[in-house]
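Undergrad: make a model of this:
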Amino acid sequence: MGDDHGNFIGGRWHPVGDGEGFAIEDATGAELTRRPRTSAGALEEALGVLEAVGRTWWERAPAERAEVVQAMDLGADLDSCAEALGARMGIESSRALQLLEDDLGEIEAGEHGVAEAPGIALVRCAPSALLSGLAPLVTRSLERGWCVLLLADPALPWLAESVARAWERAGGGAEALALLHDDGATTARSVLGSERLAGVQVRDNEERLADLEKAMAPRGKVGFGLGILEREAKEATFAGFPLCDATAVVTSECDPEEEAHAVCEAAFGLAEALGGEREGSLGRVVCHEGLFSTFTEALLERFDALEQAEALQRPLQQDLGGWAAELARAAVGDGATCLRGGPSDSIGRGGRGKIIRSVFTNVEPRWRLARARRPAPALALLRASDDSRAHELALACDAGHAHGTE
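TA: From the prediction side, this is the model:
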């Protein structure tokens with residue numbers, strides 16, 4: 001499905017051969033396409049090219065680098081991306097296209113600084129963050145003056161490929177970005193342990209971020225000649241951006257039925273929340289107590305309709321089932337009332353199995369479910385005495401993200 005470009009090294013695409021590499025499957029488990037498992041030789045080639053052109057890219061004026069980056073048209077391949085995303089998630093391509101178009105509109109410019117020296121930035125992003133999560137990691141690194149080694153996520157490799165194609169079309173130095181594929185952690189661990197990186201830019205779950213940071217090689221002393229003069233090798237910077245869910249507030253002025261419909265889609269919908277694993281999907285609702293019963297009833301009605309219309313099949317991240325089950329067990333253990341779903345024993349060691357949407361009520365602000373950072377198909381309902389208190393509770397739950405009180 002879509003163009004099979006494979007790896008992108010030195011400004012050239014290297015497609016996977018017939019029957020080679022690893023398979024990418026749709027929502028039902030049928031093969032969509034294949035991508036290459038990057039070999040040690042391909043990784044060495046990519047690093048060599050990036051090192052060779054690194055100083056040339058870094059020495060360009062910041063305004064010139066910014067001009068090239070701004071010439072990237074990230075929307076040019078949305079149709080093919082939407083077709084692939086729709087097949088992967090089990091939704092119509094038109095709904096997937098709308099999701100990707102809205103997602104592109106969420107990309108914001110950010111501070112990138114200027115690199116003190118040429119170097120390579122490793123960029124990797126969880127597929128559930130879509131292009132709004134991936135693209136800024138790439139563009140800010142390039143504007144800073146680094147070359148980029150982009151690792152595609154095997155669940156949705158089309159996202160990284162569309163970024164690489166946009167960079168190729170921008171025409172300012174295609175060799176300054178390389179794209180590699182892998183269906184495991186071999187390539188990532190190899191490059192992290194190579195001591196050849198200036199920076200690492202990753203958006204993923206906190207546990208994954210911790211694993212990647214641990215895989216970075218410690219920098220020792222680098223000698224010159226016979227060791228008469230030594231200097232400390234500069235540490236690569238690690239910037240990890242954890243995936244976070246969000247909190248909704250239902251005040252006394254809201255229409256509870258309208259809010260319930262919107263909340264359900266933003267917490268569980270395949271075409272809006274990617275079944276609950278998308279970055280920014282709703283994990284909590286703080287509702288004014290005067291509307292709580294009406295809102296909950298409408299929410300469950302919409303939830304049941306969604307369950308019949310959109311079955312959760314294959315999540316983008318393999319361990320989502322295990323995480324959802326862990327949250328559900330913690331919620332019940334803390335004393336929450338399970339209205340739908342709940343803990344499941346069907347999730348095996350590898351995190352595979354049926355993914356269950358869950359709704360819990362009578363949740364307290366300090367409980368783990370109310371403070372959990374990572375998105376999941378589990379929604380916590382919290383009650384507030386008035387509108388002011390509702391906003392306070394929502395801020396307290398989200399503040400728990402910043403302080404790691406998961």
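Undergrad: what's the first-to-last distance across stretch 85-104?
TA: Its start and end residues considered, stretch 85-104 measures 15 Å (CA to CA, to the nearest Å).
Undergrad: hmm, I typed the wrong one, I wanted stretch 29-44.
TA: Termini of stretch 29-44 sit 33 Å apart (CA to CA).
Undergrad: what's the average pLDDT for stretch 249-261?
TA: Stretch 249-261 shows a mean pLDDT of 97.
Undergrad: likewise for stretch 68-76?
TA: 95.
Undergrad: so what touches that stretch?
TA: 101, 104, 107, 131, 135, 139, 142-143, 162-163, 165-167, 169-173 (CB atoms under 8 Å, 6 or more residues apart in numbering). C-beta coordinates here come from the backbone N, C-alpha and C atoms, glycine included.
Undergrad: just the buried ones from the residues you listed?
TA: 107, 131, 135, 139, 142-143, 162-163, 165-167, 170, 172-173 (16 or more other CB atoms under 10 Å).
Undergrad: and of the residues you listed, the nearest to residue 375?
TA: Here the nearest of these to residue 375, counting by CB to CB, is residue 131; it sits at 16.9 Å.
Undergrad: can you confirm the closest one is in a helix?
TA: Yes: assigned with DSSP: H, G, I helix; E, B strand; the rest coil, residue 131 falls within a helix.
Undergrad: isn't it right up against residue 102?
TA: No: using CB atoms under 8 Å, residue 131 is not in contact with residue 102, being 10.7 Å away.
Undergrad: now the strands for the stretch 101-250 of the chain?
TA: Along the stretch 101-250 of the chain, counting by DSSP state E, counting those that start in this stretch, strands occupy 120-125, 147-151, 177-180, 199-204, 221-224, 229-232, 237-242, 246-250.
Undergrad: which of these sits closest to residue 19?
TA: strand 177-180 (20.1 Å).
Undergrad: neighbouring contacts of that closest one?
TA: Applying CB under 8 Å, 6+ apart, the contact partners of strand 177-180 are 7-10, 38, 42-43, 46, 49-50, 138, 142, 147-152, 160-161, 163-164, 167, 187.
Undergrad: give the helix, strand or coil label for residue 392.
TA: From three-state DSSP, the assignment for residue 392 is helix.
Undergrad: excluding its backbone neighbours, what's nearest it?
TA: Distance criterion CB to CB, 6 or more residues apart in numbering; nearest residue to residue 392, sequence neighbours excluded, is residue 384 at 7.9 Å.
Undergrad: what sits against the one you found?
TA: The contact partners of residue 384, taken as CB under 8 Å, 6+ apart, are 286-289, 390, 392-393.
Undergrad: could you turn the buried ones of those into a PyMOL selection?
TA: Buried members of the contacts of residue 384, defined by 16+ other CB under 10 Å, are picked up in PyMOL with:
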select buried, resi 286+287+288+390+393
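Undergrad: could I get the contacts of residue 384 as TSV with distance to residue 315?
TA: Listed next are those as TSV, based on distance: CB to CB, whole Å:
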residue	distance to residue 315
286	26
287	28
288	33
289	34
390	31
392	33
393	29
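Undergrad: now pLDDT too, for the contacts of residue 384, in CSV please.
TA: Converted to CSV, those look like this (pLDDT from 0 to 100):
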residue, pLDDT
286, 97
287, 98
288, 97
289, 97
390, 97
392, 95
393, 94
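Undergrad: kindly indicate which of the contacts of residue 384 lies nearest residue 364.
TA: The closest of these, once distances to residue 364 are taken by CB to CB, is residue 393, at 9.8 Å.
Undergrad: residue 147 bridge partners, please.
TA: residue 120 (DSSP bridges).
Undergrad: separation between it and residue 112?
TA: 14 Å (CB to CB, to the nearest Å).
Undergrad: again, but for residue 296
TA: Shown here: residue 296 relative to residue 112, a distance of 45 Å by CB to CB.
Undergrad: shouldn't residue 136 be in contact with residue 111?
TA: No: using CB under 8 Å, residue 136 makes no contact with residue 111, being 10.7 Å away.
Undergrad: which one's more surrounded, those two?
TA: Neighbours were counted for residue 136 and for residue 111 using other CB atoms under 10 Å; residue 136 has more, 21 against 7.
Undergrad: pull the contacting residues for that one.
TA: For residue 136, the contacting residues are 107-108, 110, by CB under 8 Å, 6+ apart.
Undergrad: try it again at 6 Å.
TA: Counting by CB atoms under 6 Å, 6 or more residues apart in numbering, residue 136 touches residue 110.
Undergrad: got it, and the one 3 residues further on?
TA: Residues counted as contacts of residue 139 (CB under 6 Å, 6+ apart) are residue 69.
Undergrad: so how far is residue 311 from it?
TA: In terms of CB to CB, residue 139 sits 37 Å off from residue 311.
Undergrad: what's around the residue nearest to residue 374 when sequence neighbours are not counted, how many residues?
TA: Excluding its sequence neighbours, the residue lying closest to residue 374 (CB to CB, 6+ apart) is residue 205, at 5.2 Å. By other CB under 10 Å, 22 other residues sit near residue 205.
Undergrad: same check, this time on the one 10 residues further on
TA: Other residues lying near residue 215 total 15 when counted by other CB under 10 Å.
Undergrad: nearest spatial neighbour of it, chain-adjacent residues omitted?
TA: Residue 215 sits nearest to residue 192 (CB to CB, 6+ apart), 4.3 Å away.
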